[in-house]
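> after the sequence you'll find the predicted model.
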Amino acid sequence: MKGKDIIILGIESSCDETSAAVVVNGREILSNVISTQVKLHAEYGGVVPEIASRKHVESIIPVIDKACKEANIELEDVDAIGVTYGPGLVGALLVGIAAAKALAFTLGKPLIGVNHIDGHVCANYISHKQLEPPFVCLIASGGHSHIVNIVDYRKQIVLGRTRDDAAGEAFDKIARVLGLGYPGGPLVEKMAEQGDEQAFNFPRVNFKDSTYDFSFSGLKTAVINVVNQYRQKNETLPVADICASFQKAAVDVLVDHTMGAASVTGTQNVCIAGGVAANKFLRKNFEIACSKADIQLFYPPIKLCTDNAAMIASSAYFSYIENEFAPLNLNAVPGLKLGEKHF
Ligand code: KG4
Ligand code: ZN
C-alpha cells in the first residue's frame, strides 16, 4: 500500500533570495516562491549582508503566505518545516530560521535543519524523478565549489573543494572588473558568446596532493592583470574575448576534476548543481565529457540551479523519512560543512 504523501514547507534565506516552497515527497513542487534582492545589491556590486537581512525580514512572511496560497494548502496541512541553517550569511540565515521555528512551535510540527549545499544537490531529485544515489555531484555556486560523492540520500563524501574563491564568485569578480554588473555569471556568459575562447591562455590550477580541489583566485588575478595592462596602455578592452577565455579556463577545471572524480568512484551518473550549473557553456562541455565516458549527466532547470526553497524542502524530506529532526533551539551555522550536523 502506498504511504501517506509527505508535505514539506521549505524556507531559504541564506543569501539574497527569500524563498518558500511546498514540496510533496521530496520531488513534486506545489509552489516555489522566490523574492530576489538582486536589484538592491547590484548597485554595490555584491551582496551587502545587513541589507540582505533587513530585506529578508520584510519579505519572509508574505513569501511563506504566497507559497501556501499557490500550493493551495493551509499551514496546518504541512508535515514538517525545513529551513536552511547554513552555510550562508548569519543575519540572513537567522531570519528564515526564526520564522521556521515560530511556525514549527505554533503548529506543533517537526523542524528540519537543512544544509544549503545539500539543497543544491537535491534540486536534481526534483528535476529527475528516477534519479537515485549513488552519483557524483559538482556543486558550483557563488559561495561553494564542491565535488561530492553522493553515496546515499543522507551520506555525502566530499572529494574536492575550492581552496579559495568559489566558481561563481570568480564569475562575479571578473564581471565587476569589466564593469558588466551583478550577478556576473549570466553577464559573463552572454559576453563570452561573442568572444574567442583561445584569445588568452588563462591558468588552470591543479594540485598534486589533492587532485579534485579547485583554486580560482590565480585565474581571477590573471584576468585582472590582463585588464590592467590594456587600461594602462589606454587600449580598448577585448571584453568578449576575456570573458570567453576566462569562462573556458573555469569550465575546463570544473569539468576535468568532476570527471576525474567520477571515474575514480566508477559511478554511472554525474549531476551538476548550484548557480554556475545554469551556465550553458558548462552544460555543453559536461555533455561532451559525459558522453565520451559513457556516463549519464543530470542537471536542474535554471530556476532550480540558483537559490530556491524547493530544493531545501526536498532535502528536508530525505531527513524527515530518516526521523532527523532539529530542536527548537536550532541556530545559524554560517560555516556549516557538508555532512556535518550542528544540533
Ligand atoms: O546557487 P546560487 O544562486 O547562490 C549561492 O548559493 O551562492 O549561485 C549564485 C552564483 C553567482 O555567483 C552567479 O554569478 C552564478 O551563480 N551564476 C552563474 C550563472 N548564473 C548564475 N555563473 C555562470 N554562468 C551562469 N549562467
Ligand atoms: Zn546556493
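Arrived safely. Ligands and ions are numbered 1, 2, ... in the order given.

> just the buried residues of the helix or strand hosting K101, please?
Assigned by DSSP states H and E, K101 belongs to helix 90-107. By neighbour count on 16 or more other C-beta atoms under 10 Å, the buried set for helix 90-107 is 90-101, 103-104, 107. Just so you know, the C-beta spots here come from the backbone N, C-alpha and C atoms, and that holds for glycine as well.

> now do the contacts for R204.
The neighbourhood of R204, defined by C-beta atoms under 8 Å, 6 or more residues apart in numbering, consists of L219, A249, D252, V253, D256.

> buried residues, stretch 217-225. List them.
For stretch 217-225, burial by neighbour count (16+ other C-beta under 10 Å) applies to S217, L219, K220, A222, V223.

> contacts for that stretch next, please.
By C-beta under 8 Å, 6+ apart, stretch 217-225 touches 164-165, 170, 173-174, 177, 200, 202-205, 242, 246, 249-250.

> please repeat the previous calculation with a cut-off of 6 Å.
The contact list for stretch 217-225 (C-beta atoms under 6 Å, 6 or more residues apart in numbering) reads D164, D165, A170, K173, I174, V177, F202, P203, V205, F246, A249.

> and the gap between the closest residue to the first one other than its chain neighbours and F286?
By that I understand D164. Leaving aside its chain neighbours, D164 sits nearest to S217 (4.0 Å; criterion: C-beta to C-beta, 6 or more residues apart in numbering). Using C-beta to C-beta, to the nearest Å, we find S217 at a distance of 23 Å from F286.

> residues near the closest residue to ligand 2 within the stretch 101-250 of the chain, how many?
Relative to ligand 2, the nearest point of the stretch 101-250 of the chain is S141 (4.3 Å; C-beta to the ion). By other C-beta atoms under 10 Å, 25 other residues sit near S141.

> right, and it touches A170 too?
No. With contacts counted by C-beta atoms under 6 Å, S141 stays clear of A170, the gap being 11.5 Å.

> most centrally placed residue in the chain?
The centre of the chain sits closest to G274, judged by C-alpha atoms, centre = their mean, with a distance of 2.9 Å.

> pretty sure it contacts H120?
Yes. Applying C-beta under 6 Å, one finds G274 in contact with H120, separated by 4.7 Å.

> okay, and the common contacts of these two?
I139.

> ligand 2 contacts on the stretch 51-200 of the chain?
Proximity of the stretch 51-200 of the chain to ligand 2 (C-beta under 5 Å from the ion) is limited to residues S141.

> nearest to ligand 1 within the stretch 51-200 of the chain, name that residue for me.
G185 (2.0 Å; C-beta to the nearest ligand atom).

> sketch out the low-pLDDT regions of this protein for me.
1-2 (pLDDT under 70).

> okay, domains of it per the record?
Under automatic domain parsing, the residue ranges defining each domain of the chain are 7-123+305-320, 134-300.

> which of these sits most buried?
Greatest average neighbour count among the domains of the chain goes to domain 7-123+305-320 (a mean of 22), per mean count of other C-beta atoms under 10 Å.

> who are the contact partners of C68?
L75.

> now it: which helix or strand?
Judged by DSSP H and E, C68 forms part of helix 49-71.

> and that helix, how far out from the chain middle?
With C-alpha atoms, centre = their mean, to the nearest Å as the basis, helix 49-71 stands 19 Å off its chain's centre.

> do it and ligand 1 meet?
No. Helix 49-71 lies apart from ligand 1 when judged by C-beta under 6 Å from any ligand atom; the minimum separation is 12.0 Å.

> mind listing the strands the helix or strand following that helix pairs with, and their directions?
Once helix 49-71 ends, the next helix or strand along the chain (criterion: DSSP H and E) is strand 80-86. Note on strand 80-86: by DSSP bridges, its sheet partners are strand 7-12 (parallel), strand 111-115 (parallel).

> residues contacting strand 80-86, please?
Residues outside strand 80-86 that contact it (C-beta under 6 Å, 6+ apart): 8-12, 14, 96-97, 100, 103-104, 109-114, 116, 312-313, 316, 320, 330, 332-334, 336.

> 7 Å instead, please
By C-beta atoms under 7 Å, 6 or more residues apart in numbering, the residues outside strand 80-86 that reach it are 8-14, 93, 96-97, 100, 103-104, 109-116, 119, 312-313, 315-316, 320, 330, 332-336.
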